[in-house]
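> Model the following, please.
(one chain, ligands or ions: 1)
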Amino acid sequence: MINQSKLNIKTGNSVDQKWPWWPLLPLYPYGKRQTIFRELIPNQIWSFEQLQGLYYVAVPVRLTVAKVHGGLMLMNPLPPTGELLHYLGELEKEHGPVLTIVLPTASGLEHKISLPALARAFPNANLWICPGQWSFPLNLPLSLIGVPDKRTKTLLNDGFPHEESCKWLPLGPLDLGLGRFQEYSCFHNPSNALLVTDALVSIDPEPPELFDYDPSPLLFHARESGDEPMEDTPEKRRKGWLRLILFASFLRPQKLIIPPLSEVLKNAFKPGLRNSRAHFGLFPFSWQEGWEETAKELIGDKQANIQIAPVLQRLVFARAKNSYISWLDQLYTLKNIRWLISAHYSAPIIFTSRHIRDLNRRISKGSWILNKGNWGFLDALDRTLLKRGVVPSNPLEAFKD
Ligand SMILES: [Fe+2]
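All right, here's what the predicted structure looks like:
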């Protein structure tokens, strides 16, 4: 397996981790992006991971590299820091040039924001994008944000790249009101791996290795109040990770209370915590008993729990369960499928026809529009958006012939 140490690459060089375009989408860790580089499937698939998030709620985002005929294909752009480009250069020496960059999602801003910079880093690569691109609050044409028109093609409308080794499968489109949800998954035949963006995730109970660079987000959220020091132990890191998963999955988990401002201020600015790393002791969260059990439902017990992310299930596919099941039906026809590689959380995950069938059964027979426990906030949000007409009651109608 190729990894950073085998390639003898020096990590932690702050110049090489610079991401000057961070103000376009100001996500943690802002202007400095550490990258973890790993080989996921020998000589076929590689992964680059960086953290992205809001207010220390940071989760790994992945760019996947697949070997294709004559070179390499990049799926799901990430900020091309010096560090990332250095590793990619090593791969190019061994496996050929970057031929293609694919943005397979219409809506995922965290995946599309770095497409222009990545495109500039590989001026000879062709770009392929999912149809129906949009952005919010300003819906700017891609050419205006620096995506070069001349070498950009649209999946489906212009065909598909590397069909000799890739099968492209659509999930959606759905009308989200402000724009569309759609993503194309790629089944990469030589590796038997399904590459997805947001369609499926699998979360490991251990915090991702990326936090070894700076565990601050984990330690920050592992506390009970703003005056508690940020202590670094394996237990605290795990505790913080579970809380981050709850935030990222449900936005506002059930067992979380936002304390009054007076209490937040009372615990802030204590000695030792008057620094930006500890957000000056400002900690507007109060976790209630039982929060840990609700987090463990998401990560599974002994086996990886392969699942649709709650935000996607409750806010995007709430009234389009059949559309999600059709996508699973397409996956079921893939012969020799063995791996799942998602743009978030753990990868690669063993994923066979049996897993697809089980997932399909679970979704077909189970309740879909959930509103209890952790789902309460997402449910209320969806109802409000529906009532105000921001989201349509039939997200499939706009795409009927
Ligand atoms: Fe995403």
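
> can you point me to the longest strand in the chain?
The residue-count maximum for a strand in the chain (DSSP state E) belongs to strand 57-68.

> Indicate whether that strand makes contact with the ion.
No: counting by CB under 5 Å from the ion, the ion has no neighbours in strand 57-68; the shortest distance is 6.7 Å. Where you see a C-beta, it was placed from the backbone N, CA and C, and this is true even at glycine.

> If you count contacts, what does that strand end up packed against?
If you count contacts as 3 or more CB pairs under 8 Å, 6 or more residues apart in numbering; DSSP states H and E, strand 57-68 packs onto strand 45-54, strand 71-75, helix 82-95, strand 193-195, helix 216-221, helix 234-250.

> Tabulate these (TSV), appending mean pLDDT and mean neighbour count.
As requested, the helices and strands packed on strand 57-68 are arranged in TSV below (pLDDT from 0 to 100; neighbours: other CB atoms under 10 Å):
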stretch	mean pLDDT	mean neighbour count
strand 45-54	90	21
strand 71-75	98	23
helix 82-95	96	17
strand 193-195	98	26
helix 216-221	91	23
helix 234-250	93	20
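
> would you list those in CSV and tack on distance to the ion?
Shown next, in CSV, are the helices and strands packed on strand 57-68 (distance: least, CB to the ion, whole Å):
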stretch, distance to the ion
strand 45-54, 9
strand 71-75, 12
helix 82-95, 18
strand 193-195, 13
helix 216-221, 18
helix 234-250, 10
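
> where does the stretch 251-400 of the chain dip in pLDDT?
Low-confidence segments of the stretch 251-400 of the chain, defined by pLDDT under 70: 259, 264-265, 268-269, 271, 274, 280, 301-303.

> Show me where it has its strands.
Assigned by DSSP state E, counting those that start in this stretch, the stretch 251-400 of the chain shows strands spanning 256-257, 286-287, 306-307, 339-341, 349-350.

> How about the residues of the stretch 51-200 of the chain by the ion?
So the stretch 51-200 of the chain meets the ion at 108, 198 (CB under 5 Å from the ion).

> 6 Å instead?
Applying CB under 6 Å from the ion, we find that the stretch 51-200 of the chain lies next to the ion at 108, 110, 111, 197, 198.

> show me the contacts for residue 244.
Residue 244 makes contact with 53, 56, 57, 58, 59, 217, 218, 221, according to CB atoms under 8 Å, 6 or more residues apart in numbering.

> give me that answer again for 6 Å
57, 221 (CB atoms under 6 Å, 6 or more residues apart in numbering).

> what does residue 179 give?
With CB under 6 Å, 6+ apart, residue 179 has these contacts: residue 134.

> Show the pLDDT at whichever residue of the stretch 151-300 of the chain sits closest to the ion.
Residue of the stretch 151-300 of the chain nearest the ion, by CB to the ion: residue 198 (4.2 Å). pLDDT for residue 198: 95.
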